[in-house]
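Engineer: dropping the sequence and predicted coords here.
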Number of protein chains: 2
Amino acid sequence: MPPALRPRSEVIELVMGVIRQHGYEGASISELSRATGLGKSSLYHHFPEGKDDMVRAVLEHLGEYLEQNLFTPLRGAGTPKRRLDLMMQGLDAFYRHGHESCALAQLVLSNTRARFSRPLTAIFTDWIDAIARVLVDAGLSKALAKQRAEDAVLRIEGALVLSGGLGDAGVFARTLQQLPALLLAPATSRR
Amino acid sequence: MPPALRPRSEVIELVMGVIRQHGYEGASISELSRATGLGKSSLYHHFPEGKDDMVRAVLEHLGEYLEQNLFTPLRGAGTPKRRLDLMMQGLDAFYRHGHESCALAQLVLSNTRARFSRPLTAIFTDWIDAIARVLVDAGLSKALAKQRAEDAVLRIEGALVLSGGLGDAGVFARTLQQLPALLLAPATSRR
DNA sequence: GTCTATACGTGGATAGAC
DNA sequence: GTCTATCCACGTATAGAC
């Protein structure tokens, strides 16, 4: 029994990288094998049901990653503004300044959505909730906080699409930069 | 020589439908053959270079479709508000109230982006320009108009992703509904 | 312009040795 | 837990008849 080449979490991250680039259908087992450095059989050892298992693992892992790296800091110390800025920094890194695409969007747009709708919805819901909580802390009503949090996620995903579409990562950068102030603006005179 | 089963434009629209659902990599020739009712050889007769040709045709066709059905009305008669409302109606129909996904987003997110970046960028640019012109007509500065037009497209694409992600088409509906007022709001106190 | 038949590669998946 | 070898299905693409 040779030792595992890489920890499972690392394999999952590499798989996610391939899916982000190629989407579900475009991510072939051969490519996943190459990217992870594991033979096909090894991949099937870790993910007996093949790509579906991999995607489930990716979504689970991504959920935990976001929870720890973005949502938890969002609940932490500091002013709401400061906490939102932290999330934007995290997103900027995760999406490589808008150059890396979003695995969630890939899965949502293709017809694989149905197969993974549960975990997908969970991640989006958690994300929105995490942002909304900061806005409530900042003094917004629950309803408005939720509305704006939804808008924030919507803008981030839209920015990733439009950045790619225009070939201008600046769209993503500006979106992240403007969001905190936009989210925290006083309730009147907006919307 | 049997007559063409369908006009070319109809074939292209059916091809686009498959790409919207499955993405570029997921759209197999067999499926495209089934969807269009044309044999594989017939497809290659119309699109000698295969899927790449089909995508180029789809983007060209889509560009014209948007021009005629959304951008031209945007330049037409009526108040800016009325013209924007018309575009939102068109989008609502085109995206089947948020249930149908966006071929552009599919192509942008996957690694096929590089191959079609020119026509993709052109479509997004034209779209933004068309909206910006209405906003200039409404009295906004050129700079602000362009900024907001960009934001509009960004929101529409984001809404399609988030609607799918949350399994709630209401997100898309609300986004379309709010956009005209948001775009036409007075220059002060926003952004 | 469309079809049937077919070639050939690649994709997903498994068997079995180590 | 990993590998090599292998299987079959499906994907892309072409040939050639009508």
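Structural biologist: Nice, I can see it.
Engineer: chain A: strands as residue ranges?
Structural biologist: Counting by DSSP state E, chain A has no strands at all.
Engineer: buried set for the helix or strand of chain A with the lowest mean pLDDT?
Structural biologist: Lowest on mean pLDDT, DSSP states H and E among the helices and strands of chain A sits helix A:72-75, with a mean of 94. Within helix A:72-75, the residues scored as buried using 16 or more other CB atoms under 10 Å in any protein chain shown are A:73-74. (Glycine included, C-beta is placed from N, CA and C.)
Engineer: pull the residues that contact it.
Structural biologist: Residues from elsewhere that reach helix A:72-75 (CB atoms under 8 Å, 6 or more residues apart in numbering or on different chains): A:83-84, A:86-87, A:90, A:130-131, A:133-134.
Engineer: contacts only, for A:L109.
Structural biologist: Going by CB under 8 Å, 6+ apart, the list of residues near A:L109 reads B:23, B:101-102, B:105-106, B:109, B:160-161, B:164.
Engineer: distance to A:A187 added to the residues you listed, as JSON lines?
Structural biologist: Compiled in JSON lines, the contacts of A:L109 are given as follows (distance: CB to CB, whole Å):
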{"residue": "B:G23", "distance to A:A187": "40"}
{"residue": "B:S101", "distance to A:A187": "33"}
{"residue": "B:C102", "distance to A:A187": "32"}
{"residue": "B:A105", "distance to A:A187": "32"}
{"residue": "B:Q106", "distance to A:A187": "37"}
{"residue": "B:L109", "distance to A:A187": "34"}
{"residue": "B:L160", "distance to A:A187": "28"}
{"residue": "B:V161", "distance to A:A187": "27"}
{"residue": "B:G164", "distance to A:A187": "29"}
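Engineer: nearest to DNA strand D, of these?
Structural biologist: Of all those, B:G23 has the smallest distance to DNA strand D: 11.3 Å, by CB to the nearest atom of the strand.
Engineer: near DNA strand D, which residues of chain A are found?
Structural biologist: Residues of chain A found near DNA strand D (CB under 7 Å from any atom of the strand) are A:1-6, A:37-42, A:45-46.
Engineer: most neighbours of all those, which one?
Structural biologist: A:L38 (20 neighbours; other CB atoms under 10 Å in any protein chain shown).
Engineer: for that residue, list the residues it contacts.
Structural biologist: A:5-6, A:11, A:46.
Engineer: the residues of chain A next to DNA strand D in helices, which ones?
Structural biologist: Counting by DSSP state H, the residues of chain A next to DNA strand D place A:40-42, A:45-46 in helices.
Engineer: turn these into CSV, including distance to A:Y95 and pLDDT.
Structural biologist: Shown next, in CSV, are those (distance: CB to CB, whole Å; pLDDT from 0 to 100):
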residue, distance to A:Y95, pLDDT
A:K40, 30, 98
A:S41, 33, 98
A:S42, 29, 98
A:H45, 31, 98
A:H46, 26, 98
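Engineer: near DNA strand C, list only the ones from the residues you listed.
Structural biologist: Okay, of these touching DNA strand C (CB under 7 Å from any atom of the strand), that's A:40-41.
Engineer: which one of the ones in helices among the residues of chain A next to DNA strand D is nearest to DNA strand C?
Structural biologist: Using CB to the nearest atom of the strand, those come closest to DNA strand C at A:S41, 3.4 Å.
Engineer: low-confidence ranges, chain A, go.
Structural biologist: A:1-2, A:189-191 (pLDDT under 70).
Engineer: what's the neighbour count on A:V161?
Structural biologist: There are 29 residues near A:V161, going by other CB under 10 Å.
Engineer: which residue packs closest to it, ignoring adjacent ones?
Structural biologist: The shortest distance from A:V161 to any non-neighbouring residue, by CB to CB, 6 or more residues apart in numbering or on different chains, is to B:E157 (4.1 Å).
Engineer: for chain A, what lies in contact range of DNA strand C?
Structural biologist: A:27-31, A:40-41, A:44, A:48-51.
Engineer: can we see that at 10 Å?
Structural biologist: Contact residues, chain A versus DNA strand C (CB under 10 Å from any atom of the strand): A:1-2, A:22, A:24-34, A:39-45, A:47-54.
Engineer: just give me the neighbour total for A:R133.
Structural biologist: 19.
Engineer: cool, the one 3 residues further on as well?
Structural biologist: The burial count assigned to A:V136 is 16, neighbours taken as other CB under 10 Å.
Engineer: enumerate every residue touching it.
Structural biologist: Here A:V136 is in contact with A:142, A:145 (CB under 8 Å, 6+ apart).
Engineer: repeat that for A:F94.
Structural biologist: Counting by CB under 8 Å, 6+ apart, A:F94 has contacts A:69, A:100.
Engineer: and for the one 4 residues further on?
Structural biologist: Applying CB under 8 Å, 6+ apart, we find A:G98 in contact with A:159-160, A:163-164, A:169-173.
Engineer: give me that answer again for 7 Å
Structural biologist: The neighbours of A:G98, taking CB atoms under 7 Å, 6 or more residues apart in numbering or on different chains as the test, are A:159-160, A:163, A:169, A:172-173.
Engineer: from these, which is closest to A:R118?
Structural biologist: When those are ranked by distance to A:R118 (CB to CB), A:L160 comes first, at 22.7 Å.
Engineer: find the closest residue to DNA strand C in chain A.
Structural biologist: A:G50 (2.4 Å).
Engineer: now do that residue: how many residues are near it, please.
Structural biologist: 13.
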